[in-house]
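>>> Structural data only, the sequence is not supplied:
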């Protein structure tokens, strides 16, 4: 029995999308079953590259057959999906699921920057967009499209952000390599701040070696260039 037909049967019967690793685990479990035949045992150690090649062959065959469904890989997992043109009849059968509201233009712009420049800090996003992104980031994180992925190796170690698996599902992408070309976003230079930005250079966030004591201004009654208030000028040559 061909590997591609075994995979087709598994994906057709599965209740959820399956990754190549999950498919490989199923084949290994089937080989260990007491009723396993020679074919099942021979697939116990099949390589992931062989599984991917068989799945890609299934994709081409279903596209050639022009069926009402097709095999696709979204967010690294494989599943059968119905062709979009059959949507009206499917909605009549299963109903319409409530979907979250569409993303706003600012949210899409921020999401595009993150997807192409990840991992990226919030300050770097604001440097590219030129506006505050606190509210937009909150929306993207609440929707599960963006999440913290680490910390930047700069002063303060701010969190860095990247896209999630739900982002790939939302846009129907197999992986980030399937993103459309956006060379302009990739070419934008992000300047790294040389030191923490503060309103006062004398605050504690300034590096110690940059701190310098400023001479105090002389007070009234102290020696200095200015005379105390009310004192008369007794310079020679002038009337007293």
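Arrived safely. Since the model is a prediction, treat every value here as computed from it, not as a measurement.
>>> quick one: secondary structure of the residue most central in space within the chain?
Centre of the chain computed as the mean C-alpha position; nearest residue by CA atoms, centre = their mean is residue 162, 1.9 Å away. Put simply, residue 162 is strand when judged by DSSP: H, G, I helix; E, B strand; the rest coil.
>>> pLDDT score for it?
What the model reports as pLDDT for residue 162 is 95.
>>> With residue 232 instead?
For residue 232, the predicted pLDDT is 46.
>>> Which helix or strand contains the closest residue to residue 2 other than its chain neighbours?
Once flanking residues are discounted, residue 2 sits nearest to residue 54: 7.9 Å by CB to CB, 6 or more residues apart in numbering. For every residue, glycine as well, the C-beta is placed using N, CA and C. Following DSSP states H and E, the helix or strand that holds residue 54 is helix 48-65.
>>> quick one: contacts of that helix?
2-4, 7-8, 20-21, 23-24, 69-73, 78 (CB atoms under 8 Å, 6 or more residues apart in numbering).
>>> Mark which of the residues you listed are part of helices, please.
The helices, defined by DSSP state H, take in 3-4, 7-8, 20-21, 23-24 from the contacts of helix 48-65.
>>> Buried ones among these?
Buried members of the ones in helices among the contacts of helix 48-65, scored by 16 or more other CB atoms under 10 Å, are 3-4, 7-8, 20, 23-24.
>>> Quick check: residue 106 touching residue 136?
Yes - taking contacts as CB atoms under 8 Å, residue 106 lies within contact range of residue 136: 5.2 Å.
>>> And those two? Which one has more around it.
Set residue 106 next to residue 136 and count neighbours by other CB atoms under 10 Å: residue 136 wins out with 21 against 14.
>>> show me what contacts the closest residue to residue 146 other than its chain neighbours?
Distances taken as CB to CB, 6+ apart put residue 140 closest to residue 146, at 4.1 Å, once the chain neighbours are dropped. By CB under 8 Å, 6+ apart, the contact list for residue 140 reads 107, 110-111, 114, 146.
>>> Nearest to residue 152 among the residues you listed?
Among those, residue 114 lies closest to residue 152 (CB to CB), at 13.8 Å.
>>> Check the secondary structure at that closest one for me.
With three-state DSSP as the criterion, residue 114 reads helix.
>>> can you check residue 148 too?
strand.
>>> ok, which stretches of the chain are strands?
Taking DSSP state E as the criterion, the chain carries its strands at 18-19, 69-74, 77-82, 120-121, 146-151, 159-163.
>>> any chance of these in a markdown table, with distance to residue 102 too?
Formatted as a markdown table, those follow (distance: least, CB to CB, whole Å):
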| stretch | distance to residue 102 |
| --- | --- |
| strand 18-19 | 29 |
| strand 69-74 | 19 |
| strand 77-82 | 21 |
| strand 120-121 | 24 |
| strand 146-151 | 16 |
| strand 159-163 | 18 |
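>>> domains of this protein?
Domain segmentation of the chain under automatic domain parsing yields 3-94, 105-187.
>>> Look up the closest residue to residue 76, ignoring the ones flanking it.
residue 19 (5.5 Å).
>>> what mean pLDDT does stretch 111-124 have?
On average, stretch 111-124 scores 92.
>>> still on that earlier bit, between the ones in helices among the contacts of helix 48-65, which is nearest residue 86?
Taking those together and measuring to residue 86 by CB to CB, the closest member is residue 8, at 19.8 Å.
>>> so what pLDDT did the closest residue to the closest one other than its chain neighbours get?
Spatial nearest neighbour of residue 8, chain neighbours left out: residue 58 (5.8 Å); criterion: CB to CB, 6+ apart. Looking at residue 58, its pLDDT reads 93.
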